[in-house]
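1. Dropping the sequence and predicted coords here.
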Amino acid sequence: MILRLTGACNNRCAFCLVDDEIERGIVRPLEELAAEIESVAADETIDVFGGEPTINPFFWKVLELALASGRIVTLATNCRIFGHAPAARRLAALGRSRLLVRTSLLGGRAELHDRLNGVTGHAFEQTIAGIANLTALGFEVQTNIVLLADNLEELMSTIAAAIGAGSRQIKLSGLVRTGRVERMIPDPERVRLRLSTVIPLARAMGASIKLEKLTPCLVPGFLAVLHRESDPASGAGWFRKAKACQDCAFSAACDGAEVGALRRYGEGWLRPFESVPETLVDRIEAAAIDGYSPDEAKPIVHLQFPDDPGETLDLLPAVAAFRVRNPHVYLLA
């Protein structure tokens, strides 16, 4: 469950996915947020989002309520407030074992990070200090880095800055919803080359890597860590199938290429798969999907449906429910 505390934010990223909400700057009242927490199923994770949730005046109370419910809570934040050590200690005191923190870094130096965040001042220093303070207190902070034309050539230094601050979980994310920021779309060929060199280096430095919002044929050697969009409905229209996708063995599971990258760079960078790597595929009977737990080493699940069309139709609701529970898995049939 996504619990959005506010539309306001103290950063101004040009490529923000919720910039329309940030423009309105709505701060939700505590009573409304508390009622939403009460409505969540007992086994459901609560994802605390903004804008920037820490600037909601009820932020601390909302976290207390969410954690008091016994659920796992994730916090998506720019970490700037936690550059202040007392704030980091207060967060740790709430229940570090059930609280996961995610942040973002757009450059390995202040000028680049702050420019891409649309702020002037100390955003980079505050975010780096926030990561350092939280990891020193035992948090495993995940750092998200959006791949942009402006920061692609400095990707390794950005990862190194996150690792240096204590973050060992790095998520590299493609740029989407690019209609208003087309100049920021990186050349896909450069993305492919950069990731092929940077990911092994980051792993050698002790980092765990995840990939998201990237066309699979950009990262053929890293499909095991490529996650699908966690909320597919929110990504409607971000990707489309190109002509080259028709002959791709992965086409049934892939949403296609990012529409802005196709507009700006054409289709020549697409590399259709001749076959799906069998080492990444788990084959199961569709009738067994209710009791199936995905294998992290095999993110592609090939479902075997019965020959009878009526039986197949009966299984579709269970398949749809599995897809909702496991949005990172690629389904083939």
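-> Noted; the coordinates are in hand. Numbers count the residues shown, from 1 in each chain.

2. isn't residue 203 right next to residue 209, touching?
-> Yes - if you go by C-beta atoms under 8 Å, residue 203 and residue 209 touch, sitting 6.3 Å apart. Just so you know, the C-beta spots here come from the backbone N, C-alpha and C atoms, and that holds for glycine as well.

3. higher neighbour count, these two?
-> residue 209 (18 against 13; other C-beta atoms under 10 Å).

4. who does the helix or strand where residue 67 lies touch, helix- and strand-wise?
-> For residue 67, the host element (DSSP states H and E) is helix 59-68. Packing contacts for helix 59-68, counted by 3 or more C-beta pairs under 8 Å, 6 or more residues apart in numbering; DSSP states H and E, involve helix 30-38, strand 46-49, strand 73-76, helix 85-95.

5. could you dump it to PDB, C-alpha only?
-> Taking Å, rounded to 0.1, in the frame of the first residue of the first chain, the C-alpha atoms of helix 59-68 are listed here in PDB:
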ATOM      1  CA  PHE A  59       5.500  12.800   9.500                       C
ATOM      2  CA  TRP A  60       6.800  11.400  12.800                       C
ATOM      3  CA  LYS A  61       3.300  10.600  14.100                       C
ATOM      4  CA  VAL A  62       2.400   8.800  10.900                       C
ATOM      5  CA  LEU A  63       5.500   6.700  11.100                       C
ATOM      6  CA  GLU A  64       4.700   5.800  14.700                       C
ATOM      7  CA  LEU A  65       1.200   4.700  13.700                       C
ATOM      8  CA  ALA A  66       2.400   2.700  10.700                       C
ATOM      9  CA  LEU A  67       5.100   0.900  12.700                       C
ATOM     10  CA  ALA A  68       2.800   0.400  15.700                       C
END
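
6. Now do the buried residues in it.
-> 59, 62, 63, 65, 66, 67 (16 or more other C-beta atoms under 10 Å).

7. how about residue 156, secondary structure?
-> The three-state label given to residue 156 by DSSP: H, G, I helix; E, B strand; the rest coil is helix.

8. swap in residue 284?
-> Using three-state DSSP, the secondary structure recorded for residue 284 is strand.

9. Distance of it relative to residue 325?
-> 15 Å (C-beta to C-beta, to the nearest Å).

10. out of the two, which sits in the more crowded spot?
-> residue 284 (14 against 9).

11. Contacts only, for that one.
-> By C-beta atoms under 8 Å, 6 or more residues apart in numbering, the contact list for residue 284 reads 292, 301, 302, 303, 304.

12. On the pLDDT front, check the third one for me.
-> Going back to what we said before, that points to residue 302. Looking at residue 302, its pLDDT stands at 88.

13. just use 26 as the starting number from now, easier for me
-> I'll keep to 26 as the first residue from here, and by that count the last item is residue 327.

14. That one - that's part of a helix, no?
-> No - read with three-state DSSP, residue 327 is strand and lies in no helix.

15. who touches it in this structure?
-> Shown in contact with residue 327 (C-beta under 8 Å, 6+ apart): 301, 306, 307, 308, 309, 357, 358.

16. before we move on, what about the second one?
-> Applying C-beta under 8 Å, 6+ apart, one finds that residue 326 lies in contact with 306, 307, 308, 309, 317, 319, 354, 355, 356, 357.

17. Tell me the spacing between residue 158 and residue 244.
-> Taking C-beta to C-beta, one finds residue 158 at 32 Å from residue 244.

18. An error on my part: the question was meant for residue 288.
-> With distances taken as C-beta to C-beta, residue 288 is found 21 Å from residue 244.

19. Same drill for the two, tell me which one is more crowded.
-> residue 244 (20 against 12).

20. In this structure the more buried one contacts residue 218, no?
-> No - in this structure residue 244 lies outside contact range of residue 218 using C-beta under 8 Å: 11.3 Å.

21. intersection of neighbour lists for those two?
-> Common neighbours of residue 244 and residue 218, counting by C-beta under 8 Å, 6+ apart, are absent.

22. Put the buried members of the contacts of residue 327 into a PyMOL selection.
-> Only the buried entries of these go into this PyMOL selection, using 16+ other C-beta under 10 Å:
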select buried, resi 301
